[in-house]
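Student: Model the following, please.
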Amino acid sequence: MISTRGRYAIRVMIDLATHGADGYTPLKDIAARQGISKKYLESIVKDLVGGGLLTGASGKGGGYRLSRRPEDCSVGEILTLTESTLSSVACLASESNTCPRRTICETLPMWMEYDRMIHDFFYGKKLSDLIADGASAHG
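Tutor: Residues are numbered from 1 along each chain as shown. Predicted coordinates for the structure are as follows:
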């Protein structure tokens, strides 16, 4: 399940893609438009800056902006930075599957296939797709 943190991170990125063309956008403006606490957003944008998706500037005229064009940023990247895992089952949450049943588990191939589908879906969906989808949904 995608957490509130992951969903809010996507909303921040969409907000910056649609309102941030003129440079840096103050976090308070994003918080007001999105109806999300500025304090909560501070921890989210910290991860997005650390992951190279956003650039931050402090002081007058400061705020945040996208580091890349929306068509060059996948939803998968955003979620990978903000979620502890996108894995469907605990045994696939880390690179080393230490489950004692991994060699005899009848369901493991199914979970692996499902996780690949999730990965491919989110990494195939670009931020620009969400902006285009949202624009067409609102007329």
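
Student: Name the helix or strand for the closest residue to Leu108 other than its chain neighbours, please.
Tutor: Leaving aside its chain neighbours, Leu108 sits nearest to Arg102 (6.2 Å; criterion: Cβ to Cβ, 6 or more residues apart in numbering). For glycine as for every other residue, the C-beta is placed from the backbone atoms N, C-alpha and C. In this structure, Arg102 sits in neither a helix nor a strand according to DSSP states H and E.

Student: Report how many residues lie close to Arg102.
Tutor: By the criterion of other Cβ atoms under 10 Å, Arg102 has 12 neighbours.

Student: Please determine how far it is located from Met117.
Tutor: 20 Å (Cβ to Cβ, to the nearest Å).

Student: and what of Ile104?
Tutor: For Ile104, the distance to Met117 (Cβ to Cβ) stands at 24 Å.

Student: quick one: which of the two has more around it?
Tutor: Neighbours per residue (other Cβ under 10 Å) separate Ile104 from Met117, with Met117 holding more: 11 against 8.
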